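**Student:** curious how this folds, go ahead:
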Amino acid sequence: MPIRAVLWDIDDTLFDYSNADRVGMRDHLVAEGLDGGFESVDQALTRWREITDLHWARFSAGETDFQGQRRDRVRTFTGADGLGDAEADGWFDRYIVHYEAAWTLFPDSVAVLDRLAPDYRQAVLSNSSIRVQDRKLAALGVRDHFEAVLCAAELGVSKPDAAAFHAACDTLALDPHEVVYVGNEPDIDAGGAVAAGLAGVWLDRAGVGGRPELVRITDLGQLPALLRGDTRFGAVSAIG
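**Tutor:** The predicted structure is shown next:
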């Protein structure tokens with residue numbers, strides 16, 4: 001069955017989330033007078049990401065809502081367990097200003113979206129919220145490339161749960177085998193997609209390698225040929 005649609009991850013796939021997060025955190029710590037509390041920006045960012053993973057897992061398990069996990073991230077990061085909701089929201093909103101100032105797409109993103117547009121439908125499935133990702137895609141000038149944007153906060157289920165992938169396929173009115181998912185996380189994105197019956201492509205920008213069971217590319221420029229069957233990874237492509 002031919003691939004008819006490309007379902008995209010956003011952060012660290014099309015959008016350079018890691019760089020924006022690092023620059024945003026650096027500028028936010030300076031503005032808040034917290035830069036002296038860490039040995040380096042990288043140390044602060046590592047702690048922030050650990051806390052993000054912790055509280056996102058709680059959100060995925062239904063233990064809190066999307067706004068609640070944001071507030072708890074702030075409380076854990078600052079060590080202010082008694083911080084009120086309004087104060088936590090304010091802290092996070094100030095961070096977002098710095099983070100958004102650093103938003104940028106990867107250099108290969110727009111060209112590949114344009115190359116795929118004549119032959120493939122395109123949509124987004126993200127472990128975030130529609131309010132965040134729809135605004136981000138619009139600000140970056142690529143929202144019109146996608147006929148649908150689906151996010152975990154509204155779906156009530158996160159990748160790699162098969163239900164998240166199936167919800168996206170249902171929205172497109174396509175069988176999972178007609179859809180390929182492209183993302184930077186081998187397990188959450190490509191592995192989860194394959195387990196759900198979709199084709200999966202792992203975008204390994206860092207060239208980590210390994211995971212021979214997954215179809216892997218190292219830049220988005222390789223994707224169109226892969227989808228059209230012009231590129232093989234050892235054996236016949238898993239996505240035909």
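**Student:** tell me the mean pLDDT over the lengthiest helix in the chain?
**Tutor:** Across the chain, the longest stretch assigned as helix under DSSP state H is helix 41-60. Averaged across helix 41-60, the pLDDT comes to 87.
**Student:** give me the angle between the very next helix or strand once past it and helix 41-60.
**Tutor:** Downstream of helix 41-60, the first helix or strand assigned by DSSP states H and E is helix 66-78. Taking axes from the mean of the first three to the mean of the last three CA atoms, to 10 degrees, one finds helix 66-78 and helix 41-60 inclined to each other by 140 degrees.
**Student:** tell me what helix 66-78 is packed against?
**Tutor:** The contact analysis (3 or more CB pairs under 8 Å, 6 or more residues apart in numbering; DSSP states H and E) places helix 66-78 against helix 41-60, helix 85-101. In short, each C-beta sits where N, CA and C put it, glycine included.
**Student:** grab the nearest non-local neighbour of A88.
**Tutor:** Once flanking residues are discounted, A88 sits nearest to R71: 3.9 Å by CB to CB, 6 or more residues apart in numbering.
**Student:** swap that for R211, please
**Tutor:** Going by CB to CB, 6+ apart, R211 has P186 as its nearest residue, at 5.2 Å.
**Student:** how many neighbouring residues does that neighbour have?
**Tutor:** Applying other CB atoms under 10 Å, we find 19 residues neighbouring P186.
**Student:** how is the protein partitioned into domains?
**Tutor:** Domain segmentation of the chain under automatic domain parsing yields 5-16+104-227, 17-101.
**Student:** just those domains: most buried one?
**Tutor:** domain 5-16+104-227 (a mean of 19; mean count of other CB atoms under 10 Å).
**Student:** the lowest-mean-pLDDT helix or strand in the chain to helix 85-101, inter-axis angle?
**Tutor:** Lowest on mean pLDDT, DSSP states H and E among the helices and strands of the chain sits helix 41-60, with a mean of 87. Using the same axes, to 10 degrees, the direction of helix 41-60 lies 120 degrees away from that of helix 85-101.
**Student:** re the thing from before, how near is the residue nearest to A88 to R135?
**Tutor:** Going from R71 to R135 by CB to CB, to the nearest Å gives 20 Å.
**Student:** same deal with A80?
**Tutor:** Taking CB to CB, one finds A80 at 28 Å from R135.
**Student:** I217 now?
**Tutor:** In this structure, I217 and R135 are 28 Å apart, going by CB to CB.
**Student:** related to what we said a few turns ago, now the residue nearest to A88: how far from V41?
**Tutor:** Counting by CB to CB, the gap from R71 to V41 is 23 Å.
**Student:** all helices for this structure, in order.
**Tutor:** Going by DSSP H, the chain shows helices at 17-32, 41-60, 66-78, 85-101, 109-116, 130-139, 152-155, 162-172, 192-195, 223-227.
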